[in-house]
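J.: Okay, predicted coordinates and the sequence, questions at the end:
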Amino acid sequence: MANVDKNLINSLTVREINADDTKKIEDFFDKMGPESRSVFNRRDYNRRGVLKFIVRPDNTRRYYAAELDGEIAAYFFFLDYDSSIPELGIAVRDDLAGKGIGTHLISLARDMAKDEGKGGLQLTTHVANLRAQTLYESAGFVCKGVCKNGTELFYLLNFRNI
């Protein structure tokens, strides 16, 4: 369980990612350690996704930055936001892991989706990403099984159950 740093959480500014954030996003991913790259940003998939969105935004995706002292401390996103149960993704800067930022952002994301009438959230995580699995389960997500690729677990949060 995260050791929540309330001063840190209160210092975050959460906002939508925009075209001016390209350098900040590049910096965020460049500072990612090997473990984070292997379990969250394999083959640079997530970096390419957010940078593509900046250039060509669409209504099916939403990206949000949590800024601290002018840098991106974490970000979260929704894919397939036009569906009833969009997919959630979240990443916290390595040096800030375990301080409650992930818990805070999942709570924000859950509230946003619920307020907009979504039926729940889904996500996947690498089977080796034990920290994320603990976070998701503490937030009410239930592991529904291993994805077809065998390397990711599928989680679901049904708003009717919370």
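T.: Happy to help now that I have it.

J.: Pull out the buried positions in the strand ranked longest in the chain.
T.: Using DSSP state E to define each element, the chain has its longest strand at strand 71-79. Buried residues in strand 71-79, counted by 16 or more other CB atoms under 10 Å: 72, 73, 74, 75, 76, 77, 78, 79. In short, each C-beta sits where N, CA and C put it, glycine included.

J.: Once you drop chain neighbours, what's closest to the fourth one?
T.: Think residue 75. In space, and not counting its chain neighbours, residue 75 is closest to residue 65: 5.0 Å by CB to CB, 6 or more residues apart in numbering.

J.: what do you get for the first one?
T.: Once its chain neighbours are removed from consideration, residue 72 has its nearest residue in residue 28; the separation is 4.4 Å (CB to CB, 6+ apart).

J.: OK, contacts around that neighbour?
T.: By CB atoms under 8 Å, 6 or more residues apart in numbering, the residues touching residue 28 are 71, 72, 75, 91, 93.

J.: Spatially, which two of those residues are the most separated?
T.: Greatest spatial distance in those: 71 and 91, 13.5 Å, computed using CB to CB.

J.: what about the helices in this protein?
T.: For the chain, the helices defined by DSSP state H occupy 6-11, 22-30, 34-39, 45-55, 101-115, 130-138.

J.: For the longest one, give me every contacting residue.
T.: Defining contact as CB under 8 Å, 6+ apart, one finds that helix 101-115 is touched by 2, 4, 8-9, 12, 14, 64, 66, 73-74, 76, 78, 86, 88, 90, 92, 120-121, 132, 135-136, 138-140, 157, 159, 162.

J.: Now with 6 Å, please.
T.: Under the contact criterion CB atoms under 6 Å, 6 or more residues apart in numbering, helix 101-115 has outside partners 2, 9, 74, 76, 88, 90, 92, 121, 135, 139, 159.

J.: Including distance to residue 49 and pLDDT, could these go into CSV?
T.: Converted to CSV, the contacts of helix 101-115 look like this (distance: CB to CB, whole Å; pLDDT from 0 to 100):
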residue, distance to residue 49, pLDDT
2, 25, 57
9, 26, 95
74, 16, 96
76, 13, 97
88, 13, 97
90, 13, 95
92, 17, 94
121, 17, 97
135, 21, 94
139, 22, 95
159, 25, 93
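
J.: I appreciate the help and will end here.
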